[in-house]
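> coords please:
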Amino acid sequence: MSDEDRAFVESLVIARSDGVLAINKPSGLPTQTRGNRGRNLDHLLWAFARSNGKRPRLVHRLDTGTSGVILAATTQPAAADLSQQFEVRSVTKTYLALVAWDGRDVSSGTIKSPLEIIPGRPPKARISDSGKIAKTQWRVLEAKTEAALLEVRPQTGRLHQIRAHLASIGLPIYGDPLYGGQEVARLMLHAASLEVRIDSTRKIYTAPLHADWEKAAGAVGFG
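Sure thing, here's the model as predicted:
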């Protein structure tokens, strides 16, 4: 690994304790890639490998365009515990999304439309009665003429769930042309926080917004 890559991934660390490594992933960096080719977060975790050759293990994923907090386990017990928490959906996930806004009176809601995946490159989620159960809660934090900042809490973890669900109710995310969003410099979806159980207590990992978010938000009048 180059010194540049090592310094880069170390600059993304939010916290490192209790068997957990929390990273603030930037938009555009893949979590993983097919065959581990190219630059991706999973490969960059070799920067934290121990002398015995073991390195942190990712316990969940974020879409390439999505920024924000992502967790890796630095011990086997932590990996098993965190993976189980994600599997049983006891993790509280909070996202920020900048969406197209139409001035509707409703300022919050819950989307319960089932989702199925259409294979392809990239794959795409769509609403379908034959899909898997999916649930997303959202509320407006701030609204302007053509854009609104939402707090979004997915209760399930389907592929592209937030993106597909918001688009289905007429609130496509900026920077997400795959689901009808106006194109800007990046996907305007950020994993702002994750709350998990560490031993017997709940712990929240938070990720500040990256500079490219502020720049892209300003481009649509949301600076």
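
> In the chain, where's the longest helix?
In the chain, ranked by residue count with DSSP state H as the criterion, the top helix is helix 76-87.

> Name the spans of this structure whose pLDDT lies under the cut-off.
Segments of the chain classed as low confidence (criterion: pLDDT under 70) are 35-37.

> those strands in it, which residues are they?
13-17, 20-25, 57-58, 67-73, 92-100, 108-111, 115-118, 124-127, 136-143, 147-154, 189-198, 201-206 (DSSP state E).

> Relative to the longest one, what are the paired strands and their orientations?
Right, the one you point to is strand 189-198. Strand 189-198 has the following sheet partners, assigned by DSSP bridges: strand 67-73 (parallel), strand 92-100 (antiparallel), strand 201-206 (antiparallel).

> Format these as a markdown table; extra columns: mean neighbour count and distance to Ser83.
Every residue, glycine included, has its C-beta placed from N, CA and C. Output for these, formatted as a markdown table (neighbours: other CB atoms under 10 Å; distance: least, CB to CB, whole Å):
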| stretch | mean neighbour count | distance to Ser83 |
| --- | --- | --- |
| strand 67-73 | 25 | 8 |
| strand 92-100 | 21 | 15 |
| strand 201-206 | 14 | 16 |
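
> These: which one's closest to Glu214?
Distance to Glu214, taken as CB to CB, is lowest for strand 92-100 among these, at 10.9 Å.

> quick one on the thing from earlier: packing partners of the longest helix of the chain?
Contacts defined by 3 or more CB pairs under 8 Å, 6 or more residues apart in numbering; DSSP states H and E place helix 76-87 against strand 67-73, strand 189-198.

> Minimum distance to Ile169: which of the ones you listed has it?
Here strand 189-198 is closest among the helices and strands packed on helix 76-87 (CB to CB), at 15.5 Å.

> Quick check: buried residues in that closest one?
Neighbour counts over strand 189-198 (16 or more other CB atoms under 10 Å) mark Leu189, His190, Ala191, Ala192, Ser193, Leu194, Val196, Ile198 as buried.

> repeat for stretch 44-54
For stretch 44-54, the neighbour count (16+ other CB under 10 Å) marks Leu44, Leu45, Ala47, Phe48 as buried.

> end to end, how far does it reach?
Stretch 44-54 has an end-to-end distance of 13 Å (criterion: CA to CA, to the nearest Å).

> Could you do stretch 101-121 as well?
When the termini of stretch 101-121 are compared using CA to CA, they are 29 Å apart.

> Now do the buried residues in it.
Trp101, Ile111, Ser113, Pro114, Leu115, Glu116, Ile117.

> ok, those vs Leu58, which is closest?
Among these, Ile117 lies closest to Leu58 (CB to CB), at 20.6 Å.

> bridging residues for that closest one?
Ala125.

> Ala217: what's it in contact with?
Counting by CB atoms under 8 Å, 6 or more residues apart in numbering, Ala217 makes contact with Leu98, Ala147, Met188, Gly223.

> ok, so what distance separates the first one from Asp212?
Same thing as Leu98. As defined by CB to CB, to the nearest Å, Leu98 lies at a distance of 12 Å from Asp212.
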